[in-house]
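S.K.: Dropping a prediction and its sequence here:
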Amino acid sequence: MLVTMTDKDLYRLGLIQRVSERTMLQREAARLIGISVRQVQRLLRLFTTGGPAALASARRGRPANNRLPEDFRCLVLDIIRQHYADFGPKLATEKLAERHGLRVSSETVRNWMTADGLVPHSRRKPRVYQPRYRRDCLGELVQIDGSHHDWFEGRASKCCLLVYMDDATGRLMHLRFCETESAFDYMLATREYLDKHGKPVAFYSDKHAVFRVSQAETRRTGTTQFGRVLHDLNIDLICANSSQAKGRVERANQILQDRLIKEMRLENITGIEEANAWLETFIQDFNRR
């Protein structure tokens, strides 16, 4: 009978042979293999009675005892193809448990989806910039940004999502859909934020026209209507010099463009008003995860 042995098996065999020949102590072999002395004694008995072949793993080529049944794997993949074909493995795993009562690890789902061609192999781009350190306290700095996208996948017109994210904790604090990224929409969303969370020390934004007036266009201070409202409320407004500087809210936008869109599809939400009424439920669930 042909017995195959891995490099690990061959290394272990060499050490057990030396123990058998009394050229190595059992405790030294145990240290090198990474097992207990008692396990070395068991391997020595196997080697003495069965020879080198006895040290080859008896389970090689056989399925693991904890392997999930094939019909269960097929059921999971059928549900994913039907309902969650464009979901990532983590989100698909959550929905399998929440909506279908099927509990399986996200890593197992990832392996199954990858083998089935449902997960494209992607290479994350390396970060090439110095990250800005987080603030220390909740509410010390809140990043705000508008994300224009086809949020309703054709069920409604393209619109903008206003995102308020706490810098210290990374928690979503407030979301609001609006038709455009206007000063009025930001003031309305900010009022809702203040009603829920109180005043932050500062808001951190990009240099959108809502937040900053170009010095080339005016001889005045460059303060916008939204900026003056925040000044009256004793809230600072800080404008980032680059999109990388507010990378946390930018990354949150990317996550939302994946997860939020799919959640609204499952909830059959078809418009801005309906979505705004439901967003608080999403925020609580998102932060809980």
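M.R.: Good, I have the coordinates.

S.K.: what stretches of the stretch 101-250 of the chain score poorly on pLDDT?
M.R.: Applying pLDDT under 70 to the stretch 101-250 of the chain flags residues 120-134, 214-222, 242-247.

S.K.: in it, which spans are helices?
M.R.: 106-115, 183-197, 225-232, 247-266 (DSSP state H, counting those that start in this stretch).

S.K.: how close does residue 56 sit to residue 203?
M.R.: Relative to residue 203, residue 56 is positioned 65 Å away (CB to CB, to the nearest Å). In short, each C-beta sits where N, CA and C put it, glycine included.

S.K.: got it, and residue 260?
M.R.: Between residue 260 and residue 203 the computed distance is 22 Å (CB to CB).

S.K.: Residue 173 too?
M.R.: For residue 173, the distance to residue 203 equals 11 Å [CB to CB].

S.K.: And residue 116, by the same measure?
M.R.: Taking CB to CB as the measure, residue 116 falls 45 Å from residue 203.

S.K.: Could you check which of these two is surrounded by more residues?
M.R.: Comparing residue 116 with residue 203 by other CB atoms under 10 Å, the one with more neighbours is residue 203, at 22 against 13.

S.K.: Is residue 207 in contact with residue 239, as I believe?
M.R.: Yes - taking contacts as CB atoms under 8 Å, residue 207 lies within contact range of residue 239: 5.0 Å.

S.K.: ok, these two, which is more surrounded?
M.R.: Taking other CB under 10 Å, residue 207 and residue 239 do not tie; residue 239 has more neighbours (16 against 13).

S.K.: ok, residue 253 touching residue 163?
M.R.: Yes - the pair residue 253 / residue 163 is scored as a contact, 6.2 Å apart, by CB under 8 Å.

S.K.: Spit out the residues that contact those two alike.
M.R.: Common neighbours of residue 253 and residue 163 (criterion: CB atoms under 8 Å, 6 or more residues apart in numbering): 145, 147.

S.K.: buried stuff in stretch 72-80?
M.R.: For stretch 72-80, the neighbour count (16 or more other CB atoms under 10 Å) marks 73, 76, 77, 79, 80 as buried.

S.K.: quick check, nearest of these to residue 180?
M.R.: Taking CB to CB as the measure, residue 180 sits nearest to residue 80 out of the buried residues of stretch 72-80, at 36.5 Å.

S.K.: Just want the angle from the helix or strand the closest one falls within to helix 106-115.
M.R.: According to DSSP states H and E, residue 80 maps onto helix 70-83. With axes from the mean of the first three to the mean of the last three CA atoms, to 10 degrees as the basis, helix 70-83 and helix 106-115 are set at 70 degrees to each other.

S.K.: now for helix 70-83, which elements pack on it?
M.R.: Secondary-structure packing of helix 70-83 (3 or more CB pairs under 8 Å, 6 or more residues apart in numbering; DSSP states H and E): helix 89-100, helix 106-115.

S.K.: Residues in contact with that helix: which ones?
M.R.: Counting by CB under 8 Å, 6+ apart, 87, 92, 95-96, 99-100, 102, 104, 109, 112-113, 116, 118 sit against helix 70-83.

S.K.: Could you give the number of residues near residue 52?
M.R.: For residue 52, the neighbour count with other CB under 10 Å is 16.

S.K.: go on, residue 21?
M.R.: Using other CB under 10 Å: residue 21 sits among 8 other residues.

S.K.: What score does it have for pLDDT?
M.R.: Residue 21 carries a pLDDT score of 90 in this model.

S.K.: 40 is where my numbering starts, stick with that
M.R.: With 40 as the first residue, the last one maps to residue 60.

S.K.: who's in contact with it?
M.R.: Applying CB under 8 Å, 6+ apart, no residues contact residue 60.

S.K.: Who are the contact partners of residue 276?
M.R.: Contacts of residue 276 (CB under 8 Å, 6+ apart): 241, 242, 244, 250, 265, 266, 269, 270.

S.K.: quick revisit: give me the common contacts of residue 212 and residue 242.
M.R.: residue 181.

S.K.: Tell me which residues are up against the helix or strand where residue 322 lies.
M.R.: Using DSSP H and E, residue 322 sits in helix 311-327. The contact list for helix 311-327 (CB under 8 Å, 6+ apart) reads 190-191, 195, 198, 210-218, 298-299, 302-303, 306, 308.
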